[in-house]
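Novice: Please work out how this folds:
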Amino acid sequence: MPVVLWELPVASTALFYSPELAMLSGRECKLSFSYEGEDDDHMVTLSLVLQGVESYKCTYLSSCRAEMFTQAYDRLVDLGKTSWLTETLPYYLKFRQVHRRAPEDLRHLMICFDDGPCYEFICTGFSESSVTRPYERGST
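Specialist: Residues are numbered from 1 along each chain as shown. Sure thing, here's the model as predicted:
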């Protein structure tokens, strides 16, 4: 059973554009998305930074399975011990052992947006940040 870790503060149908995925240094990935603020004169840009990423995938609408939407629609969930996590773990642990690094707990996280895409990550965790700024109508 998926555990909800974070929920989008608005419906993904209210996002100005599809979420953007960026690869950052240090094995991090950032998902960013923007929506209209409560006072209609501000745009809020939210970012989720996935940390310690070992693997990720993106599935677009035409290939999304129904359970992707039922489990992770507009929310980040921990899927627990999945087959993808289980097959990744031995390689991760061996690498950490060879390089004398302490292993961190890996998780299989997933988030799905309206009409996709659905993002999945094998990673150690995530953080959230947001920026609110004024905007002019029609400039999104």
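Novice: Spit out the contact partners of Phe69.
Specialist: By CB atoms under 8 Å, 6 or more residues apart in numbering, Phe69 lies in contact with Cys112, Cys118. Every residue, glycine included, has its C-beta placed from N, CA and C.
Novice: what secondary structure does it sit in?
Specialist: Judged by DSSP: H, G, I helix; E, B strand; the rest coil, the three-state class of Phe69 is helix.
Novice: Next, find the distance separating it from Met110.
Specialist: 11 Å (CB to CB, to the nearest Å).
Novice: Next: Val44.
Specialist: 23 Å.
Novice: what do you get for Gln97?
Specialist: Remark: distance between Gln97 and Met110 (CB to CB) = 28 Å.
Novice: Between the two, tell me which one has more neighbours.
Specialist: Met110 (21 against 11; other CB atoms under 10 Å).
Novice: Would you map the helices across the chain?
Specialist: All helices of the chain, identified by DSSP state H, fall at 66-72, 83-98.
Novice: what's the last one packed up against?
Specialist: So the one you mean is helix 83-98. strand 107-112, strand 118-123 (3 or more CB pairs under 8 Å, 6 or more residues apart in numbering; DSSP states H and E).
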